[in-house]
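A.B. asks: okay, sequence plus prediction incoming.
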Amino acid sequence: MSILCIKFWPTTLWPGRRKHVIDDLSAFADGVLPADQSERISEHLGHCQSCREEYDEIRFGAALATHLLGVQAPEGLWSSVVSRLEDHQEGTAPTAGMPRGRAMPVFATWAAAITLALLVGLLAYLGASRVLPRPGGRINASANASEPAVSQLPVTAPSARVSAGREQFDLAAYVEPVMAAPRDASFRVISTALPRFTSVDRQEALRTAGLSSSARDMAPLPGYRLVTYRACRTDGERVVQLVYGNGKQGFSVFVAPRGVDFSFGSGSCVETHVGGIRCQKLECPYQETYSFSQGPYRCVLVSKSLNATQAATVMNYFMSAQKSSRGDR
Amino acid sequence: MPVDAVNAVGTVNLVNDQQTDLLEACQRGEREALRLLFEAHKDKVYSLALRSTGDSAAAWDLTQEVFIKVFSKLGEFRQQAKFETWLYRIVINTCIDEQRKNSRFVPFDEQTTGGKEVSEIRPQEKSYLRRQVKEAVEGAVSRLTPKVRAAILLRYVEGLSYEEIGEILGCPAGTVAARLNRGHKILARELAGFRGVMP
């Protein structure tokens, strides 16, 4: 019958039996059509089974869509927008969509102040780094028996792939040493002697990772302590790696600003929940790799020894510390 | 900026004249004006970003990205146009760009009820079911094509008319209707398991 009403009934002879009205059904259900059109559709639905079924489906779909509600933006967004604008003013990470060299007037004065502060900070840092030990450097196993042994195996330089104009921080190069570690040590402390790496001061590393002053002396897991740390820059953003160990086993946490995308070679990534924490599990051999985010930070936990509960504890530790750190400001 | 525009809970409701004044102050680069503009629109931007991505972390990023674009392009905005239309256009385009960038990542809420039957719903399970439907709908919407998703979000999250949506998306109201049609049908088919039990 529905076929007949399209193909065989001339609309001039039987106006109610015009062609199907499928395209207008959402607007009809929403009551936004002019009265005459609405009446025509109503009449058509009265005799066309196929359009009635379609209408029933569309009404069900529309009813489902009403479950989409607006939400309140979380706290702290404004300060993170301001922070991104300041970053832009520093010229380190041009933001997509923001024309180069086109500074906002309101932030122009901030930029000058920030640049000055950065210069002072940089000078202070350079001065300090000459006298402070380089904690991110190679660790001698004999210096501390509880430290994991350091292998001399070559380490592939970290790579960064450009994806859609944005660099991705490829973890594959960092995870390789984990795979090469001896059986009795689940990870290998990585030397900082790689082209893109720099040693950083402990305070600097922890601050970059968004760990508040109260969290700095604590460890994410009982028995573990911060063994080493280092940093590099990708796409103008600083990525810091914190390595925690308990003498035999260890894990790494990479922390970067939200703008940085982590990848693992060509491995794919799936959404998952670990201990109730929503995160992305990166597909990589021999170890568990979870990507999680808190506020302006994106983090990746890499380990081949932690179980799900421990991984959740570590992620929770970072997320809570980063949250309270932002609250401290 | 009139003080009464900021209500007790800190959200900002602006009438047209106030918004015009505010935009002019923003274009002059007044920091407080920028903050007020952010406060006035942050919820709608975040809502669209969240419903578009299905991921609160990504929504946080997108909201930041949108406001950075808005602030940096405010000089180009002409008051003859409606600010909301201009803002929504930036939000939708930013969401589409973001999806392109992250297309290899699996979206959240991949496991929905799909075509499975949801049966034996007791009254005390209604609120649980409501949440389940909400999450399933959000997941299904985040998997729609960008154009269809934009129409659905602007209609249901923002409550805009077909004409307003058309203006934002740069298409006639008839095209908006067709996209909504498509979106409704996809939702109905993907979430057919909720038919008859939906709270």
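C.D. replies: Nice, I can see it.
A.B. asks: who's in contact with whichever residue of the stretch 201-329 of chain A sits closest to chain B?
C.D. replies: In the stretch 201-329 of chain A, the residue that lies nearest chain B is A:Ser293 (3.8 Å; C-beta to the nearest C-beta). Where you see a C-beta, it was placed from the backbone N, CA and C, and this is true even at glycine. Shown in contact with A:Ser293 (C-beta atoms under 8 Å, 6 or more residues apart in numbering or on different chains): A:Arg258, A:Cys299, B:Ala57, B:Trp60.
A.B. asks: try it again with 6 Å
C.D. replies: Taking C-beta atoms under 6 Å, 6 or more residues apart in numbering or on different chains, we find A:Ser293 in contact with B:Ala57.
A.B. asks: helix/strand/coil for it?
C.D. replies: Of the three states, A:Ser293 takes strand under DSSP: H, G, I helix; E, B strand; the rest coil.
A.B. asks: tell me the bridge partners for it.
C.D. replies: When assigned by DSSP bridges, A:Ser293 has beta-bridge partners A:Arg298.
A.B. asks: in what helix or strand does A:Trp78 lie?
C.D. replies: If you go by DSSP states H and E, A:Trp78 is part of helix A:77-90.
A.B. asks: is that helix anywhere near chain B?
C.D. replies: Yes - among the residues of helix A:77-90, A:Leu77, A:Trp78, A:Ser80, A:Val81, A:Arg84 lie within reach of chain B under C-beta under 6 Å from any C-beta of the partner chain.
A.B. asks: so where's chain A uncertain?
C.D. replies: Applying pLDDT under 70 to chain A flags the ranges A:1-18, A:87-200, A:212-217, A:234-236, A:247-248, A:264-268, A:283-287, A:326-329.
A.B. asks: all strands for it, in order.
C.D. replies: Per DSSP state E, chain A carries strands over the ranges A:160-163, A:166-170, A:197-198, A:225-234, A:237-245, A:250-257, A:261-263, A:269-274, A:277-282, A:288-294, A:297-303.
A.B. asks: possible to save those strands as a markdown table with distance to B:Gln64?
C.D. replies: As requested, the strands of chain A are exported to a markdown table (distance: least, C-beta to C-beta, whole Å):
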| stretch | distance to B:Gln64 |
| --- | --- |
| strand A:160-163 | 19 |
| strand A:166-170 | 15 |
| strand A:197-198 | 27 |
| strand A:225-234 | 19 |
| strand A:237-245 | 14 |
| strand A:250-257 | 10 |
| strand A:261-263 | 15 |
| strand A:269-274 | 21 |
| strand A:277-282 | 19 |
| strand A:288-294 | 13 |
| strand A:297-303 | 13 |
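A.B. asks: got any ranges where chain B has weak pLDDT?
C.D. replies: Judged against pLDDT under 70, the low-scoring parts of chain B cover residues B:1-18, B:80, B:101-128, B:197-199.
A.B. asks: can you give me the strands for it?
C.D. replies: For chain B, applying DSSP E gives no strands.
A.B. asks: for the residue nearest the centre of it, give its distance to chain A.
C.D. replies: Centroid-nearest residue in chain B: B:Leu48, 1.8 Å away (criterion: C-alpha atoms, centre = their mean). Note on B:Leu48: its distance to chain A, by C-beta to the nearest C-beta, to the nearest Å, is 8 Å.
A.B. asks: swap in B:Leu37?
C.D. replies: B:Leu37 is 11 Å from chain A, by C-beta to the nearest C-beta.
A.B. asks: that residue contacts B:Ala25, correct?
C.D. replies: No - judged on C-beta atoms under 6 Å, B:Leu37 makes no contact with B:Ala25 at a distance of 8.6 Å.
A.B. asks: what does chain B have sitting close to chain A?
C.D. replies: Those residues of chain B that sit near chain A, judged by C-beta under 6 Å from any C-beta, are B:29, B:31, B:38, B:42-43, B:46-47, B:50-51, B:57, B:61, B:63-64, B:67-69, B:71-72, B:101, B:105-106, B:108, B:133-134, B:137, B:152, B:156-157, B:162, B:177-178, B:180-181, B:184-185, B:187-188, B:191.
A.B. asks: inside helices: which ones of these?
C.D. replies: B:31, B:38, B:42-43, B:46-47, B:50-51, B:57, B:61, B:63-64, B:67-69, B:71-72, B:101, B:133-134, B:137, B:152, B:156, B:162, B:177-178, B:180-181, B:184-185, B:187-188 (DSSP state H).
A.B. asks: residues near A:Glu57, how many?
C.D. replies: By the criterion of other C-beta atoms under 10 Å in any protein chain shown, A:Glu57 has 19 neighbours.
A.B. asks: surely it touches B:Glu190?
C.D. replies: No - counting by C-beta under 6 Å, A:Glu57 does not reach B:Glu190; the two are 11.5 Å apart.
A.B. asks: ok, back up a step: so the residue of the stretch 201-329 of chain A closest to chain B versus A:Ile41, what's the distance?
C.D. replies: Distance of A:Ser293 to A:Ile41, given as C-beta to C-beta, to the nearest Å: 47 Å.
A.B. asks: tell me where chain A has helices.
C.D. replies: Per DSSP H, chain A carries helices over the ranges A:2-7, A:25-30, A:35-47, A:49-65, A:77-90, A:105-131, A:172-180, A:202-208, A:308-328.
A.B. asks: who's in contact with the fourth one?
C.D. replies: Right, helix A:49-65. Outside helix A:49-65, the residues within contact range by C-beta under 6 Å, 6+ apart are A:2, A:20-22, A:25-26, A:29, A:45, B:137, B:152, B:156, B:184-185, B:187-188, B:191.
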